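Trainee: give me coordinates for this.
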Amino acid sequence: MTATRAPGAASCSTTEIYSPALSVVHGGHPVAFLVRAAFLTGCALALVACTSTGSSPPDAGVHQNAETPLVAGSDYDAQIADPGDGVVDASVVVGSDDPLAPIVTTLDVASPEKPDLWQRSRARFVLELEDRPRLEREKAWFQRNQKYMDRVSDRARLYLHHIVSEVERRNLPGELAMLPVVESAYQPFAYSPARASGIWQFIPSTGRHYGLRYSWWYDGRRDVVESTRAALDYLEKLHAEFSGDWLLALAAYNSGEGNVRKAIRRNLRNGKPIDFWSLKLPRETRSYVPRLLAIAAIVANPDDYGLTLKPIPDEPYFASTQLDGQIDLALAAEMAKVSLEEMYLLNPGFSRWATDPNGPHRLLLPVHAISDFELRLAELPADQRVRWHRHVIRNGDTLGTIAHKYRTSVSALKQANNLRGTTIRAGRSLIVPMASRSLADYRLSADMRRAMRRGIPGSGNKIIYKVRRGDSLWLIGRRFGVSVNKLARWNGLSKRSVLRPGKRLVIWRGTAPTVAKATVTKVASVEAAGISPGASVHVVRRGDSLWTIARRYQLSSRKLAEWNRIASDAILQPGQTLNLTPATVAPKPATNPEADPGSI
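Mentor: Residues are numbered from 1 along each chain as shown. Below is the predicted model of the structure:
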C-alpha cells in the first residue's frame, strides 16, 4: 500500500504521529492487520497520555447524549425532531409538512448538460467499507426507505454545494459532506433532546467553543455557513487527536473525545484491538459511524441498493450579500422576490422576524436574486429597513417587559435608544423596532415554531385564566370549550397535572366564553407587524401612502380610506394616525408581559 498522508495529519501535543498504516483508507488486508494493530497500540498509549489542549473543551462531542438507543435508522427522525427550544414539530422533519416542499418543486434538476452534485461528492469518497453486520443493518434500513432519501435529497439541495466545496477546499474525505444526513437529515431546524441544533447538531457548549455565537435574535448553530465552518474545524481537530483515524474522529464527534479515550484505555488494559469496530462505545455511537458509511455506500452506488437519488445540479444555490445593519426578513424576502419560508431556510440562524442588530450583517439568497436585491437595498433608506414604533413609558414598565411586549430584545431597545443602562422613566418615549407583518406570517421564526409545536393558533384571542381552588384541567377545559390535551399542551403541562390556586393558564379561543365569576383577562390578538399588541392603528411616516400602508397590512386601500373617512388619493402627513380596522377606538394595550400571545 502506498503511503499517503491523511488530511489534517495527526499530532499529539507537539509530537507528530504518522504511519502508512493510518492513511485515510482503513485497512481490510489481513497481513496489514498486525502491523496496524501494533501501531495503533503505540499511538493509543501516546494518545491517552495526552491531555486536551488548552483550547479544547473537555469531552466536547456535539451530542453528549450517546446513551440514547438507536437501532439502524429507525428512531432517528423522531429523535432529532424532539423540539425543546421552539423548533418545528416532528411532522416537519419526517412528514409531509416539510417547509422545503413548496421550494424544491421550483428548483432546477441536473441533466446530462448539468453535472450532478452527487457525482462530484462520491469522487472524494475514501473511507473503506468493511463487511460488518452493523453496517449491513444500516444499509438495509435505507434500502427500505426510498421516501426518506427523497426528503433528504430535497433538503440537501439548498446546502450541499456549499458543504461539498468546503470539504474539497480543506482536502477532507467526501464522506464528511454526508454527515448532516446522519446528524439532522439536512433539516436546518432539527433539535435533539440533548439540545443539539442545526444541520451539524452542535450542543451549546461545543458551539460556543468553536465560535458559534448565540443571542435572542440569532443562533450560530443553525447558520449554515458558520456551523459548517465550525463542524469541519472540529472534525479536523479530532482527526489529528486520534492519530489520523477518521472513524474514531467521527465517533468522538458524536459522543465526545472522553468516551472514545475511555474505550481505548479499556481495550488496551484487556489486550484488545483499538480500532473503531473493536471499541465498546455508547450505543448511539456504535450505530452512528456505520450509518454514515452506509449512506456513503448508497451515494457511491445507488443502483446496487435499488435506490435512486434525486439529481442536484452541481452549481451554487445561494450566495452571500452584505448588509450594513438590521433588516426585517419579510421585507428582505419581498425585495429578493423569494418566499419568507425560503428566506428562513437559507438563513435559519436568524430566530426572530429580523436579522440580529449586532450581526452577522449578511443574508444568504438564491444566486439569481442577489443583484436585484442589492439594487433595491441601496435605494431603501436605512431607517426604513425595520419598522419603528414610539412607546410612551408608563409606571411599572421595564426594558424587559417592553421588549417582551413588542417581540424584540433589551439589547435592541438599548441600541435603538442609545441607552447605556436599563433605567427608564415614566412619561418618556422609546422607539421600538417592529415587524412589518403579522407574527403568524413568520412561520419559521422561533416563536411560530414553538407555537406550531404546542398547537397554538396563529390568530384568535388569548385568555389568561387564574386558577381557583377546586379547578382541574378537565373543569377548565369544559368551561371554555377546549380539550384537556390542548390546554395541557398550551401550558407545557401533562394531562394529569395538579393545579395550584393562583396559577395562570393560557387559553386560546376565537371568542371569550361567558362564564359567571371566572377570573379572566381577555387579550386582543397580536399583530406583530408594526401594530403593537392590542393596537389597531398605524402612525404615518415620511414616504407612506394609502397604497403602501394597505399593502403592508394586507388590506385594500379602498377600505383603509373608508375606515379613516379620507379620499382614496389623499396625501398623508407624517405623524397622522390611521385606523387599521373599522373600529374607531383601539383596545388598550396589555401591560402584563404574560398577556402577549406567542410568549409561552
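
Trainee: C-alpha from now on. contacts and neighbour counts both.
Mentor: OK.

Trainee: now do the same end-to-end measure for stretch 541-560.
Mentor: Using CA to CA, to the nearest Å, the end-to-end distance of stretch 541-560 comes to 16 Å.

Trainee: so what's the gap between it and the chain middle?
Mentor: Mean C-alpha position of stretch 541-560 versus that of the full chain (CA atoms, centre = their mean, to the nearest Å) differs by 34 Å.

Trainee: list the buried residues in that stretch.
Mentor: In terms of neighbour count (16 or more other CA atoms under 10 Å), stretch 541-560 has its buried residues at 541, 545-547, 549-550, 553, 555, 557, 559-560.

Trainee: what comes into contact with it?
Mentor: Stretch 541-560 is contacted from outside by 436-437, 529, 561, 568-575, 579-581, using CA atoms under 8 Å, 6 or more residues apart in numbering.

Trainee: average pLDDT for that stretch?
Mentor: Stretch 541-560 carries an average pLDDT of 76.

Trainee: again, but for stretch 376-392
Mentor: Mean predicted confidence for stretch 376-392 is 89.

Trainee: any idea how far apart the tips of it sit?
Mentor: Start-to-end, stretch 376-392 (CA to CA) is 33 Å.

Trainee: so what touches that stretch?
Mentor: 325-328, 331, 335, 354, 426-436, 530, 532.

Trainee: inside helices: which ones of those residues?
Mentor: 331, 335 (DSSP state H).

Trainee: rewinding a little: need the buried residues of stretch 541-560 in TSV with secondary structure and distance to Ala252, can you?
Mentor: Below are these laid out as TSV (DSSP: H, G, I helix; E, B strand; the rest coil; distance: CA to CA, whole Å):
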residue	secondary structure	distance to Ala252
Arg541	coil	56
Ser545	coil	59
Leu546	helix	59
Trp547	helix	58
Ile549	helix	54
Ala550	helix	55
Tyr553	coil	50
Leu555	coil	55
Ser557	helix	60
Lys559	helix	62
Leu560	helix	61
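
Trainee: out of those, which is nearest to Arg283?
Mentor: Tyr553 (52.2 Å; CA to CA).

Trainee: most centrally placed residue in the protein?
Mentor: Phe189 (3.2 Å; CA atoms, centre = their mean).

Trainee: tell me how far that residue lies from Val152.
Mentor: Phe189 is 14 Å from Val152, by CA to CA.

Trainee: related to what we said a few turns ago, tabulate the buried residues of stretch 541-560 (JSON lines), appending distance to Arg124.
Mentor: Below are the buried residues of stretch 541-560 laid out as JSON lines (distance: CA to CA, whole Å):
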{"residue": "Arg541", "distance to Arg124": "56"}
{"residue": "Ser545", "distance to Arg124": "57"}
{"residue": "Leu546", "distance to Arg124": "58"}
{"residue": "Trp547", "distance to Arg124": "55"}
{"residue": "Ile549", "distance to Arg124": "53"}
{"residue": "Ala550", "distance to Arg124": "54"}
{"residue": "Tyr553", "distance to Arg124": "51"}
{"residue": "Leu555", "distance to Arg124": "54"}
{"residue": "Ser557", "distance to Arg124": "58"}
{"residue": "Lys559", "distance to Arg124": "61"}
{"residue": "Leu560", "distance to Arg124": "60"}
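
Trainee: tell me which two of these sit farthest apart.
Mentor: Across these (CA to CA), the longest gap, 19.7 Å, separates Arg541 and Lys559.

Trainee: which of the residues in stretch 377-384 are classified as buried?
Mentor: Buried-residue list, stretch 377-384, by 16+ other CA under 10 Å: Leu377.

Trainee: please export the C-alpha coordinates of that stretch as CSV.
Mentor: Extracted C-alpha coordinates of stretch 377-384, given in CSV (Å, rounded to 0.1, in the frame of the first residue of the first chain):
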residue,chain,number,x,y,z
LEU,A,377,-31.4,47.6,-0.8
ALA,A,378,-29.3,50.5,-2.0
GLU,A,379,-32.4,52.5,-2.7
LEU,A,380,-34.0,51.9,0.7
PRO,A,381,-33.1,54.3,3.5
ALA,A,382,-31.5,52.6,6.5
ASP,A,383,-34.3,53.8,8.8
GLN,A,384,-36.9,52.0,6.7
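
Trainee: going forward, the N-terminal residue is numbered 37.
Mentor: Yep, numbering from 37; the last one is stretch 413-420 now.

Trainee: now do that stretch: distance to the chain's middle.
Mentor: Taking the mean of its C-alpha atoms, stretch 413-420 sits 28 Å from the chain's own mean (CA atoms, centre = their mean).

Trainee: again, but for stretch 301-309
Mentor: 40 Å.

Trainee: where does pLDDT dip in the stretch 287-436 of the chain?
Mentor: Counting by pLDDT under 70, not a single residue of the stretch 287-436 of the chain qualifies.

Trainee: also the chain?
Mentor: Using pLDDT under 70, the flagged stretches of the chain are 37-96, 98-150, 487-498, 545-573, 590, 610-611, 618-636.

Trainee: which stretches of the stretch 287-436 of the chain form strands?
Mentor: Under the criterion DSSP state E, counting those that start in this stretch, the stretch 287-436 of the chain carries strands at the ranges 354-358, 398-402, 423-428.

Trainee: and if you look at the stretch 437-586 of the chain?
Mentor: So, for the stretch 437-586 of the chain - with DSSP E, counting those that start in this stretch - the strands run 465-470, 497-502, 540-545, 556-559, 573-575.

Trainee: now the third one: buried residues?
Mentor: Of all the residues in strand 540-545, those buried under the rule 16+ other CA under 10 Å are 540-545.

Trainee: adding distance to Pro229, write those residues out as JSON lines.
Mentor: JSON lines is the format used below for the buried residues of strand 540-545 (distance: CA to CA, whole Å):
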{"residue": "Arg540", "distance to Pro229": "27"}
{"residue": "Leu541", "distance to Pro229": "26"}
{"residue": "Val542", "distance to Pro229": "25"}
{"residue": "Ile543", "distance to Pro229": "27"}
{"residue": "Trp544", "distance to Pro229": "27"}
{"residue": "Arg545", "distance to Pro229": "31"}
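
Trainee: among those residues, which two are most distant?
Mentor: Pairwise over the buried residues of strand 540-545, using CA to CA, the maximum falls at Arg540 and Arg545, 15.8 Å.

Trainee: returning to that earlier point: need the strands of the stretch 287-436 of the chain in CSV with distance to Arg525 and mean neighbour count, can you?
Mentor: Listed next are these as CSV, based on distance: least, CA to CA, whole Å; neighbours: other CA atoms under 10 Å:
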stretch, distance to Arg525, mean neighbour count
strand 354-358, 37, 15
strand 398-402, 35, 21
strand 423-428, 33, 16
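
Trainee: what about Ile460, neighbour count?
Mentor: Using other CA atoms under 10 Å, Ile460 is surrounded by 16 other residues.

Trainee: hang on, it packs against Thr434?
Mentor: Yes. Using CA atoms under 8 Å, Ile460 makes contact with Thr434 at a distance of 7.0 Å.

Trainee: which residues sit in contact with the closest residue to His397 other than its chain neighbours?
Mentor: With CA to CA, 6 or more residues apart in numbering as the criterion, His397 has its nearest non-adjacent residue at 4.9 Å, and that residue is Leu359. Leu359 makes contacts with 397-399, as judged by CA under 8 Å, 6+ apart.

Trainee: next one: stretch 355-366 to chain centre, how far?
Mentor: 18 Å.

Trainee: now the terminal residues of that stretch, how far apart.
Mentor: 19 Å.

Trainee: just the helices in the stretch 187-336 of the chain please.
Mentor: Under the criterion DSSP state H, counting those that start in this stretch, the stretch 187-336 of the chain contains helices at 196-205, 215-220, 240-245, 260-277, 282-291, 293-305, 319-336.

Trainee: which other helices and strands contact the first one?
Mentor: With contacts taken as 3 or more CA pairs under 8 Å, 6 or more residues apart in numbering; DSSP states H and E, helix 196-205 sits against helix 153-158, helix 260-277.

Trainee: hmm, who's touching the last one?
Mentor: The one in question is helix 260-277. Applying CA under 8 Å, 6+ apart, the set of residues contacting helix 260-277 is 44-48, 83, 195, 198-199, 203, 224, 234-236, 243, 246-248, 256-257, 281-282, 284-286, 288-289, 293, 382-385.
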